[in-house]
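Engineer: Sequence and computational prediction follow.
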Amino acid sequence: MLKEFYTAAAGMMTQQTRLEVAANNMSNASTSGFRRQEVFVRNLIDARSNFNNVKGDLEQNDIPIGSYTDFELGAIQQTDNPMDVAMLDKENFFMLQDEEGKQFLTKSGRFMIDKEGTVRAMDGKFLLGQNGIINLSAEKFSKPQISESAKDLNLKITKNGEIFLNEFPIDTLLVAKPDDPQTLQRVSGSSFIPTNITELRYLNPEEISVQQGFMESSNVNVVNEMVEMIELQRHFEAGQKVITTNDSTLDGAIRLGRFV
């Protein structure tokens, strides 16, 4: 009978994890470049061998579940903001760098210009070009004032990622293509870092495909996530009923055994 407790508990913990992933997807449905996560359940036969590691004890590692990231493209929306750039290839990523020099990959193409003329992502990280951090310094354009939205500047980013400011060539976007995106580690809603098994290849301009004035939204389908959450909640409640029923049966068996 204790086996039923472990089986139901494992199922409930699995559903709880799936609920948490679905809730996180929904909360980031409006995050530019967010990549939804999905959960898959490993074969229960594999999990059964884990149950035998410590008899009578259910460990976190025993739960037959894992997650992966869905890197399909999100919807491309026109914004007419020259600082918005949509990556048109699902396997390619913009490259960012923080204040400490650590590099990140992102699908979010929403950028801004700070007071020093440096191009940054919305979370403050620097946007990288093939020559390093992209900077639109005062020596490179005619107007002395730098606009936060860059709408006052003649900023042009070609399909191949080449950046021009008032017809002056600035740099070319540094775009990376991992051999397997699933080896990337997520560090925020739309930012990833390579792991020790990730192999990155930096693309030449002719291999880059971007579109200025457009933004790639999250690839989360809110309706599908909501339906999945309702189904998972029902599965979780079913697991609760199994445990409650077995608990009552076990309690009755114990009370009966006192008189034998």
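Structural biologist: Arrived safely. Numbers count the residues shown, from 1 in each chain.
Engineer: For residue 121, see how far away residue 97 is.
Structural biologist: Here residue 97 is placed at a distance of 10 Å from residue 121 (C-beta to C-beta, to the nearest Å). Placement of C-beta: from N, CA and C, glycine included.
Engineer: For residue 200, give me its contacts.
Structural biologist: 176, 177, 178, 179, 194 (C-beta atoms under 8 Å, 6 or more residues apart in numbering).
Engineer: How many residues are close by the nearest residue to it once chain neighbours are set aside?
Structural biologist: Using C-beta to C-beta, 6 or more residues apart in numbering and skipping residues adjacent in sequence, the residue nearest residue 200 is residue 176, 4.8 Å away. Other residues lying near residue 176 total 18 when counted by other C-beta atoms under 10 Å.
Engineer: Residue 222: neighbouring residues, count only.
Structural biologist: Around residue 222 there are 12 residues (other C-beta under 10 Å).
Engineer: try residue 216
Structural biologist: By other C-beta under 10 Å, neighbour count at residue 216 equals 26.
Engineer: cool, residue 186 as well?
Structural biologist: 14.
Engineer: repeat for residue 184
Structural biologist: 21.
Engineer: gap between the two ends of stretch 110-122?
Structural biologist: With C-alpha to C-alpha, to the nearest Å as the measure, stretch 110-122 spans 6 Å from end to end.
Engineer: now do stretch 73-81
Structural biologist: Per C-alpha to C-alpha, the first residue of stretch 73-81 is 20 Å away from its last.
Engineer: contacts for that stretch?
Structural biologist: So stretch 73-81 is contacted by 33-34, 86, 88, 90, 107, 149-151, 211, 213-220 (C-beta under 8 Å, 6+ apart).
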